[in-house]
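Participant: Make a model of this:
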Amino acid sequence: MDKSNFQQDTRYSATLRDSEGKLRPSNFYVLALHDDGMVVRLTEREGILRKITYSDVIKIVSQQSVSAQNRYCVPGALLTAKHWTNRKEIQHYSSSPHMGK
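Facilitator: Numbering: from 1, shown residues only. Purely as a prediction, here's the structure:
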């Protein structure tokens, strides 16, 4: 897979290759796209932001774009490529203002 297969502010159900090389089902929300990977929020875990390389995504099962009122709000500084040069994941709670949180 490459950058053209993904869109910002979209939810995906996909098959990912984990660090041990095993294939795992995963649900994630794409926050930012970079040249070497994307910053996503894993929706099945509690607020973990993770950088996933495009080659780790084996198959996209489904995708759903998110309306503007239901998008997750994360500070822009956390989404820059410079911030993710030495990181694989960070803990950050984000929610949609529409959800009242």
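Participant: Let me know how buried the nearest residue to Ala81 once chain neighbours are set aside is, in neighbour terms.
Facilitator: What sits nearest to Ala81 in space, not counting adjacent residues and going by C-beta to C-beta, 6 or more residues apart in numbering, is His34, at 4.5 Å. Backbone N, C-alpha and C define where each C-beta goes, glycine included. Neighbour count of His34, defined by other C-beta atoms under 10 Å: 17.
Participant: need the longest strand for the protein.
Facilitator: Taking DSSP state E as the assignment, the strand of the chain that covers the most residues is strand 23-33.
Participant: Show me what it packs onto, helices and strands only.
Facilitator: The contact analysis (3 or more C-beta pairs under 8 Å, 6 or more residues apart in numbering; DSSP states H and E) places strand 23-33 against strand 10-17, strand 38-42, strand 48-52.
Participant: quick check, Leu78 in a strand?
Facilitator: No: secondary structure assignment places Leu78 outside any strand; it is helix (DSSP: H, G, I helix; E, B strand; the rest coil).
Participant: partners of the worst-scoring helix or strand of the chain on mean pLDDT, with directions?
Facilitator: Sorted by mean pLDDT, DSSP states H and E, the helices and strands of the chain end with strand 89-91, the least confident at a mean of 84. According to DSSP bridges, strand 89-91 forms sheet pairs with strand 48-52 (antiparallel).
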